[in-house]
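> Quick one, fold the following:
(one chain, ligands or ions: 1)
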Amino acid sequence: MRPDLTTVVGGMAQREALAALLTPPLVETGAAGPRVRVDLVACPTCGAPADDRPWTPPFGGTFEHGPLPVLSMLACETVTARSVLPIVVAAERFPELRTARFQTRALTWLEVAHLHLDKALEAIDAAERWVTDPAETDGRTLPASTRRHTAAVAWPSYRRDLVPSFLSPHASVPDEAEGHYAAELRAAILTNRPRQD
Ligand SMILES: [Zn+2]
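Take a look at the predicted model:
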């Protein structure tokens, strides 16, 4: 893989690792915790319709009332509950982000996939910098890997859908980029995880 691609992919993996290691807010048992309203977007690639799904906290569907941050995602993808911690933490710390709109990498990828891969990845990387600099306005992309969401229940397809992509269910990037991302993500989590001793 080209060195510039290695650098940007590694940086995105590092950002996801640090985001995943944020400390979740303390929520008393039975209390309503923070919510992120999900705005599903019909997928122009596979045709998945934007039908709402049942959600569990911290996700909320269109029925959630009140001022909340919004995460737009493709109807054919899913992200983990822990992956929205940067949104939850940012909404706690910065009032201007409490009703901000965020989007997954898969949606940002749709906007930039026509570029050369290096430029596309640089654009996504720039759109994630709000995580460490909330004043950054190049975009509000969630630094999180994504998995395919389908109604399939057959084990082979379910197992296939568990395999994440760092960009999108439909990203066409070299396998070595996915492999490099996964390796860098694991290494960053091991390096930065809280110690018990
Ligand atoms: Zn799709």
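> Now the phi/psi pair for residue 127, please.
Main-chain torsions, residue 127, degrees, to the nearest 10: phi -70, psi -10.
> Past the helix or strand bottoming out on mean pLDDT in the chain, which element shows up next along the chain?
Every helix and strand of the chain was ranked by mean pLDDT, DSSP states H and E. The lowest is helix 155-161, at a mean of 75. Remark: after helix 155-161, the chain's next helix or strand is helix 175-192, criterion DSSP states H and E.
> got the end-to-end distance for stretch 108-128?
End-to-end distance for stretch 108-128: 10 Å, by CA to CA, to the nearest Å.
> Can you get me a residue count around residue 98?
Residue 98 has 14 neighbouring residues, counting by other CB atoms under 10 Å. C-betas here are computed from N, CA, C, even on glycine.
> For it, which non-adjacent residue is spatially closest?
Take residue 98 and drop its neighbours on the chain: the residue closest to it by CB to CB, 6 or more residues apart in numbering is residue 91, 4.7 Å away.
> Wait, a helix at the one you found?
Yes. Under DSSP: H, G, I helix; E, B strand; the rest coil, residue 91 falls within a helix.
> so who does residue 76 touch?
Residue 76 makes contact with 43, 45-46, 48, 148-150, 169-170, according to CB atoms under 8 Å, 6 or more residues apart in numbering.
> Out of those residues, which are close to the ion?
43, 45-46, 48 (CB under 5 Å from the ion).
> In PyMOL, how would I select just the buried ones from those residues?
PyMOL command restricting those to the buried ones, with burial defined by 16 or more other CB atoms under 10 Å:
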select buried, resi 43+48
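> which two of the ones next to the ion among the contacts of residue 76 lie the greatest distance from each other?
Farthest apart among these by CB to CB are 45 and 48. That separation is 8.6 Å.
> Report pLDDT for the most centrally placed residue in the chain.
Centroid check for the chain by CA atoms, centre = their mean gives residue 144 as the closest residue, at 3.0 Å. Listed pLDDT for residue 144 reads 98.
> So which residues of the chain form strands?
Secondary structure of the chain (DSSP state E): strands at 36-41, 59-60, 70-74, 77-78, 101-103, 147-148.
> want to throw these into JSON lines with mean pLDDT and mean neighbour count?
JSON lines is the format used below for the strands of the chain (pLDDT from 0 to 100; neighbours: other CB atoms under 10 Å):
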{"stretch": "strand 36-41", "mean pLDDT": "96", "mean neighbour count": "21"}
{"stretch": "strand 59-60", "mean pLDDT": "93", "mean neighbour count": "19"}
{"stretch": "strand 70-74", "mean pLDDT": "97", "mean neighbour count": "23"}
{"stretch": "strand 77-78", "mean pLDDT": "96", "mean neighbour count": "24"}
{"stretch": "strand 101-103", "mean pLDDT": "97", "mean neighbour count": "19"}
{"stretch": "strand 147-148", "mean pLDDT": "92", "mean neighbour count": "20"}
